[in-house]
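Undergrad: Using only what follows, build the 3D model:
(one chain, ligands or ions: 1)
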Amino acid sequence: MEIMKRGALIVLEGCDRSGKTTQCQKVMSWLKQSNIESHFMRFPERSTTIGSLIGKYLECSAELEDHAIHLLFSANRWELLPDMKKLLGKGTNIIVDRYSYSGIAFSAAKPNMDLTWCQKSDSGLLKPDLVIFLDIDPTVAQTRGEYGVERYENLEMQKLVRSNYLKLKDETWKVVDASRSVEEVTRDVCQLVKEALDSKSLLTEIKQLT
Ligand code: Z5A
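TA: Below you'll find the predicted structure:
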């Protein structure tokens, strides 16, 4: 009897304008064409009550204390955990545009915010099978469309965020040079996704973030 594989949890991370949304769309259309059952998610998910408050904060129409907004970003992931577990359990792959690593890298870039403290509120969430880090020099990303509209979209912050991201790299991370053309990046990203979907680790239970 064939053992059913669970779905894979695949996350795209990177600084602002590194091309995460563009690449998530490319991966989703490739998966669709290949008839591979997959679902797209993004964080923050602004459609929930918690998410709408996060949206106001990012648009600078609401102010929140740094620890409080960090916990709201985290709560936004916790509120979607049951949906994620359900999808993975029935064999659907999930492609996620930003996840816990954004939560930690952005919050810890603020003065007096400790990286280890920032990790704690996400402990127990699902650990991705693959994290694709779209790496780009923030000065290059700055030249791409609509930069500077929301909170955090400034060069100084993005440089600190990038250095925090690199502290979070573990065995699930693959770094892709995101400064190349969309097509070149897509080729590498799809190859990494393909390898993750073929992995035997999908026969074992998904791990948790520590
Ligand atoms: N945040 C947080 O603090 N804590 C958390 O827990 C989480 C997030 C989850 C909102 O995120 C903010 O929330 C974000 C982190 C923080 N703040 N910042 N900065 P968001 O995901 O909603 O942010 P966004 O504004 O939707 O996405 P983005 O990061 O700015 O962009 P992207 O998804 O990486 O890039 P894109 O939309 O695909 O492309 C941007 C532009 O570049 C667009 O014009 C593309 O056509 C162009 N592009 C894309 N790829 C290329 C290549 N290869 N070459 C040239 N041009 C390209």
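Undergrad: how about the residues of this structure near the ligand?
TA: 14, 16-22, 43-44, 58, 73, 98, 102-103, 106, 144-145, 152-153, 181-182, 185 (C-beta under 6 Å from any ligand atom). C-betas here are computed from N, CA, C, even on glycine.
Undergrad: So which of these sit within helices?
TA: Under the assignment DSSP state H, these contribute Lys20, Thr21, Thr22, Leu58, Phe73, Ser102, Gly103, Phe106, Val182, Val185 to helices.
Undergrad: Quick one: residues contacting the nearest residue to Ala141 once chain neighbours are set aside.
TA: Excluding its sequence neighbours, the residue lying closest to Ala141 (C-beta to C-beta, 6 or more residues apart in numbering) is Arg17, at 4.1 Å. The contact partners of Arg17, by C-beta atoms under 8 Å, 6 or more residues apart in numbering, come to Ile136, Ala141, Gln142, Arg144, Gly145, Tyr147.
Undergrad: what number of residues lie near Ile94?
TA: By the criterion of other C-beta atoms under 10 Å, Ile94 has 20 neighbours.
Undergrad: and it, what are its bridge partners?
TA: Leu9, His39 (DSSP bridges).
Undergrad: what about the strands in this protein?
TA: All strands of the chain, identified by DSSP state E, fall at 9-14, 38-42, 93-97, 130-135, 173-177.
Undergrad: Would you mind finding the most buried of those?
TA: strand 9-14 (a mean of 26; mean count of other C-beta atoms under 10 Å).
Undergrad: helices or strands next to that strand in the packing?
TA: The contact analysis (3 or more C-beta pairs under 8 Å, 6 or more residues apart in numbering; DSSP states H and E) places strand 9-14 against helix 20-33, strand 93-97, helix 100-107, strand 130-135, helix 182-198.
Undergrad: Any chance you could list what contacts the last one?
TA: I take that to be helix 182-198. With C-beta under 8 Å, 6+ apart, helix 182-198 has contacts from 8, 10, 12, 19, 22-23, 26-27, 30-31, 36, 93, 95, 129-130, 132, 134, 174, 176-178.
Undergrad: quick revisit: export the strands of the chain to CSV and append columns for mean pLDDT.
TA: CSV is the format used below for these (pLDDT from 0 to 100):
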stretch, mean pLDDT
strand 9-14, 98
strand 38-42, 98
strand 93-97, 99
strand 130-135, 98
strand 173-177, 98
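Undergrad: Is Thr92 in contact with Ser38, as I believe?
TA: Yes. At 6.4 Å, Thr92 counts as touching Ser38 under the criterion of C-beta atoms under 8 Å.
Undergrad: Find residues that contact each of those two.
TA: Common neighbours of Thr92 and Ser38 (C-beta under 8 Å, 6+ apart) are Gly7.
Undergrad: just to revisit the earlier point, now the ones in helices among the residues of the chain next to the ligand: which count as buried?
TA: Buried members of these, counted by 16 or more other C-beta atoms under 10 Å: Lys20, Thr22, Leu58, Phe73, Ser102, Gly103, Phe106, Val185.
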